[in-house]
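Participant: A structural model of the following input is requested.
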Amino acid sequence: MEITLDGSRFEYRTCYQEESGLRGSFNDLAKTVFGLDFEAWHRAGYWTDRYRPYSLVREGKVVANVSVSPMDLRCMGKELHYLQIGTVMSDPAERGRGLIHFLMARVLTDWKGKCDGIYLFANRETLEFYPRFGFTKAREFRHTLPVQPSEGKGATVRRLIPELSQDKALLLKSCQKGNPYGLLQWEHNPGLLFFHCGGALREHVYYLPQYDLVAVAEYDGSTLYCHELLGPRGPELEEVLSALARPETEKAVLGFTPRAGSRCSVRPLLGGETLFTLGSTGDLFHRYQMRFPTLSHT
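Facilitator: Alright, predicted model coming up:
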């Protein structure tokens, strides 16, 4: 479909990931704006309709984009169907012409009444933009708890290599079981898991055979950042974190919201990106002091 914006002609396109030319142009823009490259993810077969670009194309080049990801979530046993907006970007030469405004309006029109809520994560430069479409800021919360390393007590941690077939199969099996410790879980989206675990976090994926759990975790001095735990329900969360801990580890920061019963301190999540929601989603997060799992971010 052709449209005219600010005196220029553009082609409006969606879901074109199997067209190599446009996909390559999309990747070029993503690398320029965010330093991201989706090509390896596509070659591995993970770019499905769970990630849908809405783009404007000029002379065969993607110059603006808003992507959407239908998200299946589960909170306290209840299924929730949300839409996450991400990869909002435009060519520097085309900014200020209303291209993103057009795409945002199109997304909201297409998805009106088709999901339980819509959300996105905004950087500091766009905090004034999204309220124009009815989005409101919502506060997320960070959960931290002290950790006593269990080194020497039989704890075993093995790093997984997602490119290896046996490790990939283990990761997929664990993904299907979800996070047994999470209050809010994301489901049915292995592609999103491999976007992170095959990309920026590929060296931070571990397996704890004694619990049959996969952990995605990073270490920074005395702090363990546990982004995700995947597998069957086993021991208490504190025991799992102790098994993951290194000798210098003193505390764990969770990338998910734990179920009731853990000895966490809870604080508002500050810095980085800001959550914006459309609908009543923000009320849910405030009531239960939650955060979207870090690996569910697109």
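Participant: which residues are in contact with the helix ranked longest in the chain?
Facilitator: Using DSSP state H to define each element, the chain has its longest helix at helix 20-34. The contact list for helix 20-34, computed with C-beta atoms under 8 Å, 6 or more residues apart in numbering, reads 13, 16-17, 36-39, 42, 53, 55, 57, 60-63, 65, 87, 89-92. All C-beta spots, glycine's among them, are computed from the backbone N, C-alpha and C.
Participant: chain center to it, what's the gap?
Facilitator: 20 Å (C-alpha atoms, centre = their mean, to the nearest Å).
Participant: Tabulate the CA atom coordinates of that helix in PDB.
Facilitator: Coordinates of each C-alpha in helix 20-34 appear next as PDB, following Å, rounded to 0.1, in the frame of the first residue of the first chain:
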ATOM      1  CA  SER A  20      15.600 -10.900   1.600                       C
ATOM      2  CA  GLY A  21      15.900  -7.400   0.200                       C
ATOM      3  CA  LEU A  22      13.500  -5.800   2.700                       C
ATOM      4  CA  ARG A  23      14.800  -7.900   5.500                       C
ATOM      5  CA  GLY A  24      18.300  -6.800   4.800                       C
ATOM      6  CA  SER A  25      17.300  -3.200   4.800                       C
ATOM      7  CA  PHE A  26      15.400  -3.700   8.100                       C
ATOM      8  CA  ASN A  27      18.600  -5.200   9.500                       C
ATOM      9  CA  ASP A  28      20.700  -2.300   8.300                       C
ATOM     10  CA  LEU A  29      18.400   0.200  10.000                       C
ATOM     11  CA  ALA A  30      18.300  -1.900  13.200                       C
ATOM     12  CA  LYS A  31      22.100  -2.000  13.200                       C
ATOM     13  CA  THR A  32      22.300   1.800  12.700                       C
ATOM     14  CA  VAL A  33      19.800   2.700  15.400                       C
ATOM     15  CA  PHE A  34      20.200  -0.100  18.000                       C
END
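Participant: what does the helix or strand bottoming out on mean pLDDT in the chain rub up against?
Facilitator: Ranking every helix and strand in the chain by mean pLDDT, DSSP states H and E puts helix 281-288 at the bottom, with a mean of 79. By C-beta under 8 Å, 6+ apart, the residues outside helix 281-288 that reach it are 75, 82, 116-119, 136-141, 183, 257, 275, 277, 290-291.
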